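Q: the following comprises the amino acid sequence and a computationally predicted model.
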Amino acid sequence: TTGSLQANLVLAPNPNKGTFSIKGSLGIATDQEVSVEVTNMLGQTVYSNSFMTSNGNIDAQVQLNNTLASGTYILDLRSANGNKVFHFVVEQ
């Protein structure tokens, strides 16, 4: 089973208008695909994508649908080594 990543990741800015970046290190030194899924508080997926890390580092830009309602969203970042969950706020 995979656990929680020993990652040093930042989601910024927070709050945002649906555009933000995920930057940092996964705590591993390999190139790896990570999946990113954003869900709303009802559990509905509003965004899904995947990115490649470079030596375990990620610098990804996320652009959500600009028709999303203001509120709290959950971003789940998953890799082969584990996952990391962020809560963030969209303010339209």
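A: Now that the structure is in, tell me what you want to look at.

Q: pLDDT below threshold where in this structure?
A: 1-5 (pLDDT under 70).

Q: just the helices in it please.
A: Here the chain has no helices by DSSP state H.

Q: which stretches of it form strands?
A: 3-4, 8-12, 19-25, 33-39, 45-52, 57-63, 71-79, 82-90 (DSSP state E).

Q: got the angle for the last one vs strand 45-52?
A: Read that as strand 82-90. 130 degrees (axes from the mean of the first three to the mean of the last three C-alpha atoms, to 10 degrees).

Q: quick one: contacts of strand 82-90?
A: 2-7, 9, 11, 14-18, 20, 64, 68-77 (C-beta atoms under 8 Å, 6 or more residues apart in numbering). Glycine gets a C-beta too; all of them are placed from N, C-alpha and C.

Q: change it to 7 Å
A: With C-beta atoms under 7 Å, 6 or more residues apart in numbering as the contact definition, strand 82-90 has outside contacts at 2-5, 7, 9, 11, 14-18, 68, 70-77.

Q: same check on the second one?
A: Contacts of strand 8-12 with the rest of the structure, by C-beta under 7 Å, 6+ apart, involve 20-25, 27, 75, 84, 86, 88.

Q: okay, buried residues for that strand please.
A: Neighbour-count burial for strand 8-12 flags 9, 11 (criterion: 16 or more other C-beta atoms under 10 Å).

Q: check the third one too.
A: Buried residues in strand 19-25, counting neighbours by 16+ other C-beta under 10 Å, are found at 20, 22, 24-25.

Q: and that strand, which strands flank it?
A: Note on strand 19-25: by DSSP bridges, its sheet partners are strand 8-12 (antiparallel), strand 57-63 (antiparallel).

Q: next, the angle from the first one to strand 71-79.
A: Counting by the same axes, to 10 degrees, strand 8-12 lies at 150 degrees to strand 71-79.

Q: chain center to strand 8-12: distance?
A: Mean-position distance between strand 8-12 and its chain equals 8 Å (C-alpha atoms, centre = their mean, to the nearest Å).
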